[in-house]
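Peer 1: Using only what follows, build the 3D model:
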Amino acid sequence: MEIQEAIKVARALADGTNPETSEVLPNDSIYKNPQVVAALNRAVGALEFLEQREKARRDQPGNAGKRWTRAEEEQVCEELRQGIDFHQIARTHNRTVPSIVARLVKLGRISPKSSSAPLFPPKVA
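Peer 2: Residues are numbered from 1 along each chain as shown. Take a look at the predicted model:
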């Protein structure tokens, strides 16, 4: 069962309806119990979070999260010396701009505050 289908079923049950027929469940149904409704709504929230996390992972570049090799670090440093834009470097290495910046900071090639424009997205609460 796909996550989207599980969300649809759990949401229907939490709303007190039969997920197959959309008929309202009887008042004495276990699915109308307040604790069951609360648990189903928590499950829907967890499934939606999982769905978003999987989508975010699919949207990441291919090398996101992979270990850096010495050769790749040297190439990134050389590209920086050549004045290549961070976005182009990220595309070349199939990584994100923040990962390129973080690696260059870690290697001591740039200062964490060397840019006037923010390279990292703002934190979202």
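
Peer 1: switch to C-alpha atoms for all contacts and neighbour counts from now on
Peer 2: Will do.

Peer 1: Please give the element, helix or strand, for the residue nearest the centre of the chain.
Peer 2: Geometric centre of the chain, nearest residue: Ala56, 3.1 Å, by CA atoms, centre = their mean. Using DSSP states H and E, Ala56 sits in helix 34-59.

Peer 1: count of neighbours near the residue lying closest to Glu23 once chain neighbours are set aside?
Peer 2: Nearest non-adjacent residue to Glu23, counting by CA to CA, 6 or more residues apart in numbering: Thr17, 5.4 Å away. Thr17 is flanked by 19 other residues according to other CA atoms under 10 Å.

Peer 1: so who does Thr17 touch?
Peer 2: 23-25 (CA atoms under 8 Å, 6 or more residues apart in numbering).

Peer 1: Just the buried ones from the residues you listed?
Peer 2: Neighbour counting over the contacts of Thr17 (16 or more other CA atoms under 10 Å) leaves Leu25 as the buried ones.

Peer 1: Turn the contacts of Thr17 into CSV, columns for distance to Arg70, pLDDT and secondary structure.
Peer 2: CSV is the format used below for the contacts of Thr17 (distance: CA to CA, whole Å; pLDDT from 0 to 100; DSSP: H, G, I helix; E, B strand; the rest coil):
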residue, distance to Arg70, pLDDT, secondary structure
Glu23, 61, 95, coil
Val24, 62, 95, strand
Leu25, 62, 94, coil
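
Peer 1: Could you dump the contacts of Thr17 into JSON lines and include distance to Val105?
Peer 2: Output for those, formatted as JSON lines (distance: CA to CA, whole Å):
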{"residue": "Glu23", "distance to Val105": "59"}
{"residue": "Val24", "distance to Val105": "59"}
{"residue": "Leu25", "distance to Val105": "59"}
